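**Student:** just coords:
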């Protein structure tokens with residue numbers, strides 16, 4: 001499966017910005033009477049300006065498909081592909097210009113894109129994520145090398161005053177609130193993005209880590225809709241096509257776009273519920289989010305979102321939020337495209353940053369999420385190594401209850417440990433391809449001071465093992481010899497990278513290394529210190545599952561030779577052979593493993609995991 005990158009973005013906003021006091025010049029006043037509710041709704045949504053594909057005579061200046069084509073032109077200008085290279089076109093909109101044919105057909109015809117596969121997605125805001133997800137899957141599966149996705153919205157023509165002149169729903173020159181508040185919230189525009197299996201050679205790209213889309217239509221009634229009126233009991237029994245004529249449907253207001261005010265707040269609750277589920281599933285780490293690109297349709301909802309996040313123990317600082325709602329307006333499905341385009345062009349993004357995109361929809365309730373990572377131009381630091389996959393070290397057991405319990409607990413400790421490790425600054429740089437040579441040398445120098453102690457605390461532990469467990473004692477002693485070889489390899493790597501040999505012998509442990517070493521020596525000094533098996537599980541697990549990935553990632557981004565990264569890569573081979581882990585397995589398969597000892601092993605594993613992370617967090621802090 002291919003990696004997938006957003007390599008170019010573009011948007012099109014029609015005409016000139018329209019300020020709040022000018023809105024009725026474009027969409028008109030109901031029966032020529034200024035709205036009494038306008039200021040209230042604008043105060044709630046917080047929007048200061050927006051764009052309309054209308055002129056002051058309420059005439060349409062651009063069709064939605066034309067705006068989409070213009071956004072595509074903007075996207076492909078200078079992009080690493082042109083229109084004739086496009087294999088797949090995926091489009092989104094709430095309301096196409098015509099019921100038939102599909103929106104993608106109209107966009108392709110208008111844009112001049114050559115023969116390709118197309119898909120039209122129609123919903124409300126979440127149709128954007130549907131279109132992106134479809135393009136993402138085509139590129140990931142190798143079905144398309146150049147996929148375009150775009151969205152366009154033109155709701156203003158549905159709200160111009162002339163539309164309501166003959167409708168009996170108008171009372172005292174006012175529309176029902178379920179229609180009126182949308183007049184002051186929705187506006188027009190389009191956006192597009194190019195998806196490819198390699199990063200852009202000239203500018204930052206956004207790697208799509210995953211796309212998540214969930215519908216809750218089975219739980220809720222229709223909330224945002226057009227083409228019908230709900231009965232008093234909330235049911236839908238007649239649509240616009242069931243009226244005797246289109247004129248009858250119009251007079252009855254069936255064609256108006258509406259939102260059920262009694263249901264709409266559910267979208268915030270569902271969105272945050274899904275956010276917490278993604279955290280539980282290990283897909284999102286709140287601390288790792290550098291930008292939250294959140295399509296909230298109105299400022300009114302932002303406070304609800306932050307309150308629910310805080311109740312769940314999550315605080316995303318204000319400087320990490322990105323939106324263009326207040327100056328661009330709410331352009332529905334096109335909003336996420338325009339926001340990403342603005343953010344990419346803002347100069348605020350840095351290589352390796354994570355962007356979490358959130359797109360809720362109140363049509364019949366959908367949540368959409370997408371995780372992106374900023375990648376350098378040309379993939380100069382692109383890492384082919386899969387270093388993000390978490391897999392606990394495999395442990396062979398003999399189907400004994402205590403062993404099985406121990407392995408389950410250690411597996412949980414491992415998952416928590418490796419996930420937390422990925423948020424440590426130096427490790428994030430390895431993952432994101434941002435590591436510099438000087439930082440790598442610092443890492444080696446800091447690790448060396450603690451690695452030297454490894455063979456010593458293992459030898460001390462062996463000396464405190466009683467004779468009845470002689471076979472385990474022998475394993476400790478052999479392991480001590482292996483650890484002695486480890487720091488010698490590390491020292492050679494450091495010198496081969498240009499490090500000063502004298503620094504190896506004059507350097508001090510950082511405060512994390514001090515804490516880790518002190519703890520290991522303290523435990524090793526106890527009689528029969530078999531709980532140190534938990535520490536060995538963590539440290540040797542790093543070699544077994546992680547160090548080789550780190551070594552290759554470092555080698556790729558810094559263009560190093562094997563003799564400059566062998567400390568990390570060597571561990572992957574040595575620790576996974578019948579060497580270190582076989583000794584660990586032999587120990588837990590012996591009769592020393594009681595339930596009490598298993599619990600002590602787990603606790604020691606937790607402590608060592610935390611202290612090892614501290615060692616990496618506190619580089620050079622002595």
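**Tutor:** Now that the structure is in, tell me what you want to look at. Computed from a predicted model, the values in this text were never measured in an experiment.
**Student:** Model confidence for the most far-flung residue of the chain relative to its centre, exactly?
**Tutor:** Here the centre of the chain is the reference, and by Cα atoms, centre = their mean the most remote residue is residue 467, at 53.6 Å. The model reports residue 467 with a pLDDT of 74.
**Student:** any idea how far residue 119 is from it?
**Tutor:** 72 Å (Cβ to Cβ, to the nearest Å). All C-beta spots, glycine's among them, are computed from the backbone N, C-alpha and C.
**Student:** Any buried residues in stretch 556-568, and which?
**Tutor:** 556, 557, 558, 560, 564, 565, 566, 567, 568 (16 or more other Cβ atoms under 10 Å).
**Student:** Same check on stretch 403-416?
**Tutor:** 403, 406, 407, 409, 410, 413, 414.
**Student:** Equivalent analysis for stretch 161-174, please.
**Tutor:** 161, 163, 164, 167, 170, 174.
**Student:** Repeat that for stretch 512-529.
**Tutor:** Buried, per 16+ other Cβ under 10 Å, within stretch 512-529: 512, 513, 514, 515, 516, 517, 519, 520, 523, 524, 529.
**Student:** Can you check the pLDDT for the third one?
**Tutor:** What it means is residue 514. 93.
**Student:** Now the phi/psi pair for it, please.
**Tutor:** phi -60, psi -50 (degrees, to the nearest 10).
**Student:** Residue 615 versus that one, what's the distance?
**Tutor:** Residue 514 is 9 Å from residue 615, by Cβ to Cβ.
**Student:** With the second one instead?
**Tutor:** Using Cβ to Cβ, we find residue 513 at a distance of 5 Å from residue 615.
**Student:** Could you tell me which residues touch both of these two?
**Tutor:** Shared contacts of residue 513 and residue 615 (Cβ atoms under 8 Å, 6 or more residues apart in numbering): 446, 450.
**Student:** Quick check: next helix or strand after the helix or strand hosting residue 118?
**Tutor:** Assigned by DSSP states H and E, residue 118 belongs to strand 117-122. Of the helices and strands lying after strand 117-122 in sequence (DSSP H and E), the nearest is helix 127-140.
**Student:** Name the residues of that next one that are buried.
**Tutor:** 127-140.
**Student:** now these as CSV including distance to residue 339 and pLDDT?
**Tutor:** What follows is these, written out as CSV (distance: Cβ to Cβ, whole Å; pLDDT from 0 to 100):
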residue, distance to residue 339, pLDDT
127, 16, 97
128, 10, 97
129, 13, 98
130, 17, 98
131, 15, 98
132, 13, 98
133, 17, 98
134, 20, 98
135, 17, 98
136, 18, 97
137, 22, 97
138, 23, 97
139, 21, 96
140, 23, 95
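**Student:** Report the next helix or strand after the lowest-mean-pLDDT helix or strand in the chain in sequence order.
**Tutor:** Here the helix or strand of the chain ranked lowest by mean pLDDT, DSSP states H and E is helix 580-588, holding a mean of 57. Using DSSP H and E, the helix or strand that follows helix 580-588 in sequence is helix 595-617.
**Student:** ok, and what's touching that following helix?
**Tutor:** Taking Cβ under 8 Å, 6+ apart as the rule, helix 595-617 contacts 402, 405-406, 409-410, 413-414, 416-417, 420-421, 424-427, 443, 446-447, 450, 510-513, 515-516, 519-520, 523, 530-535, 537-539, 542, 588.
**Student:** repeat for stretch 302-322
**Tutor:** 265, 268-269, 271-272, 275-276, 279, 286, 289-294, 296, 339, 342-343.
**Student:** Now which of those would you call buried?
**Tutor:** Buried among those (16+ other Cβ under 10 Å): 268, 271-272, 275-276, 286, 289-294, 296, 339, 342-343.
**Student:** between the residues you listed, which is closest to residue 43?
**Tutor:** residue 296 (15.7 Å; Cβ to Cβ).
**Student:** Count the residues that sit near residue 337.
**Tutor:** 31 (other Cβ atoms under 10 Å).
**Student:** hang on, it packs against residue 127?
**Tutor:** No. Between residue 337 and residue 127 there is no contact, the gap being 11.3 Å when judged by Cβ atoms under 8 Å.
**Student:** which residues are common contacts for those two?
**Tutor:** residue 151.
**Student:** Where does pLDDT dip in the stretch 351-500 of the chain?
**Tutor:** 378-398, 432, 434, 470-485 (pLDDT under 70).
**Student:** so where do the strands sit in it?
**Tutor:** Assigned by DSSP state E, counting those that start in this stretch, the strands in the stretch 351-500 of the chain fall at 354-361, 366-375.
**Student:** buried residues in the longest one?
**Tutor:** Taking 16+ other Cβ under 10 Å as the neighbour-count basis, strand 366-375 is seen to contain the buried residues 366, 367, 368, 369, 370, 371, 372, 373, 374, 375.
**Student:** Serialize these to TSV and add fields for distance to residue 258.
**Tutor:** Output for these, formatted as TSV (distance: Cβ to Cβ, whole Å):
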residue	distance to residue 258
366	18
367	21
368	22
369	27
370	28
371	33
372	34
373	39
374	39
375	42
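**Student:** Between all of those, which two are separated the most?
**Tutor:** Checking those with Cβ to Cβ, the most distant pair is 366 and 375, at 28.3 Å.
**Student:** re earlier: pipe the buried residues of stretch 161-174 into TSV and attach pLDDT per row.
**Tutor:** TSV is the format used below for these (pLDDT from 0 to 100):
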residue	pLDDT
161	93
163	90
164	92
167	90
170	88
174	89
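**Student:** Go through the residues you listed and say which is closest to residue 358.
**Tutor:** Using Cβ to Cβ, the buried residues of stretch 161-174 come closest to residue 358 at residue 163, 32.0 Å.
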